[in-house]
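S.K.: I would like to see how this sequence folds:
(one chain, ligands or ions: 2)
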Amino acid sequence: MDEATYTIWTEKYRPKHFKDIRGQEEIVKRVKAFVEQKNMPHLLFAGPAGVGKSTLSLVIAHELFKETWRDNFLELNASDERGIDIVRVKVKDFARTKAIGEVPFKIIFLDECDALTREAQQALRRTMENYTKTCRFVLSCNFSSKIIDPIQSRCVVFKFKPLKKEEVFKIIDIICAAESINVSEKAKEALFVVSGGDCRKLENILQSSAAVESDITEKTVYSLASQARPAEVQDILTIAATGNFVEARKKTLSMMLDNGLSGLDFLKQVQPEIWKLNIENLKKLEMIKLCGEIEFRLVEGSDEFIQIEALIAGICYLSKEVGHATASGHK
Ligand SMILES: Nc1ncnc2c1ncn2[C@@H]1O[C@H](COP(=O)(O)OP(=O)(O)OP(=O)(O)O)[C@@H](O)[C@H]1O
Ligand SMILES: [Mg+2]
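M.R.: Ligands and ions are numbered 1, 2, ... in the order given. Model (predicted):
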């Protein structure tokens with residue numbers, strides 16, 4: 001194997017230019033305009049994991065500063081255990097000197113801002129104000145609602161979305177062509193489902209699948225993602241809905257063991273499949289309610305197998321009757 005085999009694909013295929021970023025069109029368009037004018041407000045990037053927040057901030061740095069980007073771009077993690085104080089010291093050191101080159105400011109990228117307490121965010125806000133002349137901040141978080149209003153009002157807020165199916169497929173095609181691997185249509189679909197639009201997850205699963213086989217199949221994708229195939233889950237639910245508890249229980253346990261699924265993993269796959277069952281809607285609603293109860297118990301630390309058996313029992317029961325059953329039986 002050559003050396004390139006060992007590079008992590010999320011880094012190897014991290015977009016270097018605006019045009020390489022998939023999806024997020026509106027955001028990319030507006031940010032590109034800031035960069036072209038060499039003038040930029042503070043930015044707040046919010047959105048789920050692996051959708052291009054860090055990537056876009058790196059592209060901004062590359063495009064604005066070109067070869068001097070390392071001198072003008074500082075990346076910090078707000079959730080660093082040493083907390084906001086170290087952030088302030090580092091910002092102060094970095095912001096003390098003027099930007100090199102023709103852009104009149106430097107950029108500080110602060111990741112995971114929603115991990116900061118409200119007090120720490122107040123301190124960050126003062127830091128942002130103190131250095132506005134020499135620095136622009138790009139803040140990144142999962143939920144903008146966790147960021148205090150005074151910071152939000154100082155930033156242009158961009159909300160990133162999970163990547164859509166066609167964007168995920170495009171990325172798969174590009175990587176597969178470059179790596180000379182084949183992916184069946186079903187495997188592509190599976191990659192989209194297990195990634196949930198998270199491109200980091202997608203690329204990691206694709207890379208581990210490619211290490212196993214050069215013709216990637218649906219089965220490998222699900223097993224590497226520690227997920228059951230949706231068809232298998234549907235099969236179990238259909239059996240449970242006929243009232244065959246023993247058979248449904250047996251299949252569930254062996255599927256959980258085969259795929260290394262935790263109780264919560266299994267439950268999260270069951271829940272979306274319930275709606276596809278061929279039974280009355282009212283029964284489905286009761287089952288979905290039951291999933292909520294079981295999920296709560298699992299999160300609280302109940303025994304996984306007992307809870308999953310209770311779930312299967314509930315589904316068997318509810319498919320016959322409606323209105324009497326809860327996770328705890330008759331009420
Ligand atoms: N929109 C995108 N287009 C193409 N590739 C992407 C995109 N978003 C993410 N990627 C790929 O996924 C990897 C991880 O993305 P990135 O670091 O930007 O995620 P993030 O949004 O900052 O997530 P987190 O909240 O976990 O920090 C990138 O290195 C890149 O390979
Ligand atoms: Mg990031």
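
S.K.: Without its sequence neighbours, what residue ends up closest to the residue nearest to the spatial centre of the chain?
M.R.: The centre of the chain sits closest to Ala49, judged by C-alpha atoms, centre = their mean, with a distance of 3.4 Å. Counting by C-beta to C-beta, 6 or more residues apart in numbering, Ala49 lies nearest to Asp198, which is 5.4 Å off, once chain neighbours are set aside. Heads up, the C-betas are built off the backbone N, CA and C, glycines and all.

S.K.: Surely the one you found is in contact with Pro48?
M.R.: Yes - look at Asp198 against Pro48 with C-beta atoms under 8 Å: they come within range, at 6.5 Å.

S.K.: quick one, which of those two is more surrounded?
M.R.: Neighbour count, other C-beta atoms under 10 Å: between Asp198 and Pro48, Asp198 has more, with 18 against 15.

S.K.: shared neighbours of Asp198 and Pro48, anything?
M.R.: Residues touching both Asp198 and Pro48 (C-beta atoms under 8 Å, 6 or more residues apart in numbering) are Pro162.

S.K.: ranges for the helices of the stretch 101-250 of the chain?
M.R.: For the stretch 101-250 of the chain, applying DSSP state H, counting those that start in this stretch gives helices covering 118-130, 149-154, 165-179, 185-195, 199-212, 218-224, 230-241, 245-259.

S.K.: now the ones you listed in TSV, with distance to Arg96 and mean pLDDT?
M.R.: Shown next, in TSV, are the helices of the stretch 101-250 of the chain (distance: least, C-beta to C-beta, whole Å; pLDDT from 0 to 100):
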stretch	distance to Arg96	mean pLDDT
helix 118-130	11	88
helix 149-154	21	94
helix 165-179	40	95
helix 185-195	42	94
helix 199-212	34	94
helix 218-224	47	90
helix 230-241	55	94
helix 245-259	54	93
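
S.K.: For ligand 1, find the nearest of those.
M.R.: helix 199-212 (3.5 Å; C-beta to the nearest ligand atom).

S.K.: which helices and strands sit right next to the closest one?
M.R.: If contacts are counted by 3 or more C-beta pairs under 8 Å, 6 or more residues apart in numbering; DSSP states H and E, helix 199-212 sits against helix 9-12, helix 165-179, helix 185-195, strand 215-216, helix 218-224.

S.K.: Phe245 touches Gly314, doesn't it?
M.R.: No - taking contacts as C-beta under 8 Å, Phe245 lies outside contact range of Gly314: 10.2 Å.

S.K.: Tell me which of those two has more neighbours.
M.R.: Set Phe245 next to Gly314 and count neighbours by other C-beta under 10 Å: Gly314 wins out with 23 against 16.

S.K.: backbone phi and psi for the more buried one, please?
M.R.: Note on Gly314: its backbone torsions stand at phi -60, psi -40 [degrees, to the nearest 10].

S.K.: Just the element for Glu63, please.
M.R.: helix 53-65 (DSSP states H and E).

S.K.: Just the buried residues of that helix, please?
M.R.: Residues of helix 53-65 classed as buried: 53-65 (neighbour count, 16 or more other C-beta atoms under 10 Å).

S.K.: can you tell me if that helix touches ligand 1.
M.R.: Yes - looking at helix 53-65 against ligand 1 by C-beta under 6 Å from any ligand atom, the contacts come from 53-55.

S.K.: pLDDT for these - can I get that in TSV?
M.R.: Converted to TSV, the residues of helix 53-65 next to ligand 1 look like this (pLDDT from 0 to 100):
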residue	pLDDT
Lys53	96
Ser54	96
Thr55	96
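
S.K.: Can you pull up the residues of the stretch 51-200 of the chain that come close to ligand 1?
M.R.: Proximity of the stretch 51-200 of the chain to ligand 1, by C-beta under 6 Å from any ligand atom, involves residues 51-55, 163, 171, 199-200.

S.K.: This completes my enquiry, with thanks.
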